[in-house]
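[1] Turn this into a structure:
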Amino acid sequence: MEEPYITNDYASAGLKWWYSNNDTSQAFTDPNQYLVRKGTNDYGGNKLPSNSQIEWRDSNNQPIDKKNVGRTPGVFNNKIHVTFPDGTTTDVPTQFIVKPHAPKITNKLVEGKEQQDIHVEKAAPNQKVYLYENGVKIKEATADSNGQVTFRNVTLKNNAEYKAQTVIENQPRYTDRNGVEKTTVESDYSNTVRATNIDKTGPVVTAGDNGQINLTVGQPANVHLSASDVTTGNSGMRTLTYDASRSTGTTLDRTNPSFNGVLTASRAVKNNDNSMSTTLTGTPNKVGLYENVKVIATDTLGNTTEKIVKVAVKPAPPTIGTNLDSRVGQRVDVVVNVGTGIPDNSTVTLQGPNNTSYTGTVRGGKQRLPYHLYSVVRM
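    Now for the predicted structure:
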């Protein structure tokens, strides 16, 4: 109980009360009502000689203000100290087992999210609070001076019920109504909250390498794409972001849309099934720079999927730079133009008839191959 000291609060707490000065807001726990007439259970009327003095004392024989007896949760081995008119005294032992208020879980759980905070109020200040999942204790924490505590990042189970309880620990030993010896006093359970539709699965990410990355994410999600050049070691790890918090879930942050000039992303598209798609296309003048593209997709509940795709930027078709007209039967050096962007020492193969082939290496964007021309050359 808390101030003011109202009779109804004492009655609700199960205490035997009275009040002073005809004022029901000056109530107290009445020690006289905890005494009975000898040989009876009658606690009414006069039980002590006239002019006897009666007061509460604690286990150390120190007086206790009668208005505070039974107001603090825990186990209290108090006594009623009686002083008779002749100056003699006697002590009547009592034991108060005071339950804390039932705490209250004040936040609602977000549907689908696996890890969430659970906030508890109205616990006993500076006392332990237990958190239960389907009746089994999973966490404990200490309430602050205002009787509040937050259980952080609780891993929820689908359709599980969660409730809290204040527990006063390290109390004097007592026997409860069921005959069980205990050293703790527990409150009633709080209200119950239920976790529903818990989703632990990240978005489904598919990607195909056909000179492009055709990327599809199976639900609205934040998607981060980053590329590194395996030839040079790093192309700046440019990142493209699709923001699921926007209205369509597919808005593209295009601050660095070209992956350092190697890959270019198309605008994201939201499909009828709520998946989202984009295409990364290799730039022809960067042929030979294979890109490791990392796709990290995070759905609105925080579940993450990561996929790494290697995409090769396809070269433009080479051309034969040597005129082969009227050269049948002659041995000819054939020049193949491979275009810009093909690194020196890259390999080019010239295919001839009857499964013949000639291989050479690129120098300055060209390749010269000695070839005995029997018929039409294919590349």
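[2] ok, now which ones touch Lys104?
    Val120, Glu121, Lys122, Ala164, Ser190, Asn191 (C-beta atoms under 8 Å, 6 or more residues apart in numbering). C-beta here means a position set from N, CA and C on the backbone, and glycine is covered the same way.
[3] From those, keep the buried residues only.
    Val120, Glu121, Lys122, Ala164, Ser190 (16 or more other C-beta atoms under 10 Å).
[4] Can you add pLDDT, distance to Val154 and secondary structure and give those back as CSV?
    Formatted as CSV, the buried ones among the contacts of Lys104 follow (pLDDT from 0 to 100; distance: C-beta to C-beta, whole Å; DSSP: H, G, I helix; E, B strand; the rest coil):
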residue, pLDDT, distance to Val154, secondary structure
Val120, 98, 11, strand
Glu121, 97, 16, strand
Lys122, 95, 19, coil
Ala164, 98, 11, strand
Ser190, 97, 14, coil
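[5] Tell me the one among the residues you listed nearest to Val69.
    Lys122 (22.3 Å; C-beta to C-beta).
[6] Hmm, Ala102 and the closest one touching each other?
    Yes. Here Lys122 reaches Ala102: they are 7.4 Å apart, a contact under C-beta atoms under 8 Å.
[7] distance of Phe96 from Gln127?
    17 Å (C-beta to C-beta, to the nearest Å).
[8] I meant to write Ile54 there.
    31 Å.
[9] Just the CA atoms of stretch 145-160, as CSV, please.
    Taking Å, rounded to 0.1, in the frame of the first residue of the first chain, the C-alpha atoms of stretch 145-160 are listed here in CSV:
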residue,chain,number,x,y,z
SER,A,145,12.9,2.6,-7.6
ASN,A,146,9.7,3.3,-9.5
GLY,A,147,8.8,-0.4,-9.8
GLN,A,148,9.6,-0.6,-13.5
VAL,A,149,11.8,-3.0,-15.4
THR,A,150,12.3,-3.8,-19.1
PHE,A,151,13.3,-7.3,-20.3
ARG,A,152,15.4,-6.5,-23.5
ASN,A,153,15.4,-8.5,-26.7
VAL,A,154,13.3,-11.4,-25.4
THR,A,155,13.4,-14.2,-28.0
LEU,A,156,9.8,-15.1,-28.5
LYS,A,157,8.2,-18.4,-29.5
ASN,A,158,5.2,-18.5,-31.7
ASN,A,159,1.9,-18.5,-29.8
ALA,A,160,3.7,-18.5,-26.4
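[10] Quick check: which ranges of the chain have low pLDDT?
    Along the chain, segments meeting pLDDT under 70 span 1-4, 206-293, 300, 309-316, 339-341, 365-379.
[11] Which stretches in it count as helices?
    Using DSSP state H, the helices found in the chain span residues 7-12.
[12] Comparing Ile54 and Gln127, which residue is more hemmed in?
    More crowded of Ile54 and Gln127, by other C-beta atoms under 10 Å: Gln127, with 20 against 17.
[13] Can you name the residues that contact that one?
    Gln127 touches Pro73, Pro100, Thr142, Ala143, Thr166, Val167, Ile168, Glu169, counting by C-beta under 8 Å, 6+ apart.
[14] let's see it at 10 Å
    Shown in contact with Gln127 (C-beta atoms under 10 Å, 6 or more residues apart in numbering): 73-74, 100, 103, 142-143, 147, 149, 166-169, 185, 187.
[15] if I look at it, how far off is Val167?
    7 Å.
[16] shared neighbours of the two, which are they?
    Common neighbours of Gln127 and Val167 (criterion: C-beta under 10 Å, 6+ apart): Pro73, Pro100, Val185, Ser187.
[17] May I see the residues you listed organised as CSV, with neighbour count and distance to Asn197 added?
    Listed next are those as CSV, based on neighbours: other C-beta atoms under 10 Å; distance: C-beta to C-beta, whole Å:
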residue, neighbour count, distance to Asn197
Pro73, 23, 37
Pro100, 24, 34
Val185, 21, 37
Ser187, 22, 30
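[18] Looking at those residues, which are in strands?
    Mapping these onto strands (DSSP state E) picks out Val185.
[19] ok, back up a step: which neighbours do Lys122 and Ala102 share?
    Ala164, Thr166, Ser187, Ser190.
[20] got TSV for the residues you listed, with distance to Thr196 too?
    Output for the shared contacts of Lys122 and Ala102, formatted as TSV (distance: C-beta to C-beta, whole Å):
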residue	distance to Thr196
Ala164	19
Thr166	26
Ser187	26
Ser190	19
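[21] out of those, who's nearest Thr347?
    Closest to Thr347, out of all of those and judged by C-beta to C-beta, is Ala164, at 69.6 Å.
[22] Leaving out the residues flanking it, which one is nearest to the closest one?
    Ser190 (4.3 Å; C-beta to C-beta, 6 or more residues apart in numbering).
[23] same deal with Ser20?
    Here the residue nearest Ser20, using C-beta to C-beta, 6+ apart, is Gln26, at 4.4 Å.
[24] can you pull up the bridge partners for the one you found?
    Counting by DSSP bridges, Gln26 forms beta bridges with Tyr5.
[25] Would you agree it is in contact with Tyr10?
    No. The pair Gln26 / Tyr10 is not scored as a contact, 11.2 Å apart, by C-beta atoms under 10 Å.
[26] quick one: which of those two has more around it?
    Comparing Gln26 with Tyr10 by other C-beta under 10 Å, the one with more neighbours is Tyr10, at 24 against 15.
[27] what about the spatially closest residue to that one that is not a sequence neighbour, neighbour count?
    Residue nearest to Tyr10 in three dimensions, not counting chain neighbours: Trp17, with 3.7 Å by C-beta to C-beta, 6+ apart. When neighbours are counted by other C-beta under 10 Å, Trp17 registers 22.
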